[in-house]
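In: Got a predicted structure here, sequence first:
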Amino acid sequence: MKNLCLSLCVCLLSFGAIAQSKLTTSTGHIKFFSSTVAEDIEANNYKVLSTLSSDGTLVFSVPMQSFEFDKALMQKHYNSKKFLDTKQFPKAKFKGNISNIDDIDLTKDGTYTAKVTGALTIHGETNSVEEDLHLKVNAGQVMATTEFTIVLADYGVAFKDGKPSTNIAKEIKITATLDYK
Amino acid sequence: MRKYLKISAAIVVIGLGVVAYFWFMPHRDVQKTKAFAEIEAQTLVNEFLTDRAKANDRYLANDGDSKVLIISGEVVDRTVDQSGMQVVLVKTSPTDEMGVSCTFSLESNAQAKTLTPGTAIKIKGVIRSGAEIDKDLDLVEHVVLEKCAVVK
């Protein structure tokens, strides 16, 4: 009887471990791109931390000072209080769920389109996001990619006049590539 | 009249020079910048866990040129990011929950490739963000250092 109880406990614990299996990356890449008549601006960040759980929970944390620009002055402006104020808000975060997780098998090789909904917090402002995430499962590794736009004003970044109002797009294109293991 | 023309030309040249300076201003050379502090990996982690706002204020800069630090500890893990840069995780002890994630640069990448777990090390780099346990997101986040190089 004692052995039976022990076996049952082990089975339940194993099931729990499987049920909560989680893929992670600390080397995700996010690029943002702004295009105006005046100039194109691009910045890259390779320090994105993210987890993708088998129950469909998707989480991101982005160290905002890790965005690198070609031009040093542009990077200084981006970090400053007038723009993203990265000292006050050093991380952007996202927490969401994959609504069609039952159609996706993260352990089986193949390509899937995940429907993601969640809350994105940048610059202390939170907005709901609904986007597709493309997943490619190959030998236990999952490569996830997505591309979407955000409106800067939704995150408390808006310029009424001056050079920023003409040189920075109102909508920014975000591209993410996440190498889960 | 000629005098005014000369003055105007000089002002235009100086103006263009100032614009060109800011336009082509190079990024800060982290390895040539004097380190703000030399600190154990776990001590740095603890500063953020104890009072994140205070640590952010101490180490992060408004313009993104945050403090250059020399951290010490033990190599626990080494990976490569999507841009091909080596990423070395340093902890005071391998059993510590959190440490410092150090991304190397084009100039220093080769020296990181020889690092193996268990090696005692000192690494210099610029801090990008602090350590954090985000219970809401169920995430454990290491301190992030970039443009790193081994201190010999």
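Out: That came through fine.

In: which stretches of the chain have low pLDDT?
Out: Looking at chain A here, since you left the chain open. Where chain A drops to pLDDT under 70, the residues are A:1-20.

In: nope, chain B
Out: In chain B, residues with pLDDT under 70: B:22.

In: Around chain A, pick out the residues from it.
Out: B:22-23, B:25-28, B:56-57, B:60-66, B:79-83, B:85, B:87, B:101, B:103, B:128-130, B:132, B:134, B:136-139, B:141-142, B:144, B:146 (Cβ under 8 Å from any Cβ of the partner chain). Quick note: C-beta positions are derived from backbone N, CA and C, even for glycine.

In: quick one, phi/psi of the most centrally placed residue in chain A?
Out: In chain A, the C-alpha nearest the mean C-alpha coordinate belongs to A:Phe60, at 4.4 Å (Cα atoms, centre = their mean). Phi and psi for A:Phe60, reported as degrees, to the nearest 10, are phi -130, psi 150.

In: wouldn't it be in contact with A:Val48 here?
Out: Yes. The criterion here is Cβ atoms under 8 Å, and A:Phe60 meets it with A:Val48 at 6.3 Å.

In: overlap in contacts of those two?
Out: Both A:Phe60 and A:Val48 are contacted by A:Gly28, A:Ala176, under the criterion Cβ atoms under 8 Å, 6 or more residues apart in numbering or on different chains.

In: if we can go back for a sec, just the buried members of the residues of chain B next to chain A?
Out: B:28, B:56, B:60-61, B:63-66, B:79-81, B:85, B:87, B:101, B:103, B:128-130, B:132, B:137, B:139, B:141-142, B:144, B:146 (16 or more other Cβ atoms under 10 Å in any protein chain shown).

In: Okay, and which of those map to helices?
Out: B:Asn56 (DSSP state H).

In: Among the buried ones among the residues of chain B next to chain A, which are located in strands?
Out: Judged by DSSP state E, the subset of these located in strands is B:Thr79, B:Val80, B:Val87, B:Ser101, B:Thr103, B:Arg128, B:Ser129, B:Glu132, B:Leu139, B:Glu141, B:Val144, B:Glu146.

In: Which two among these are spaced furthest apart?
Out: Pairwise distances across those peak at 24.1 Å for B:Val80 and B:Glu132 (criterion: Cβ to Cβ).

In: Neighbours of the residue nearest to A:Asn100 when sequence neighbours are not counted, how many?
Out: Leaving out its chain neighbours, the residue that sits closest to A:Asn100 by Cβ to Cβ, 6 or more residues apart in numbering or on different chains is A:Lys115, at 5.0 Å. Using other Cβ atoms under 10 Å in any protein chain shown, A:Lys115 is surrounded by 16 other residues.

In: Alright, I will stop here.
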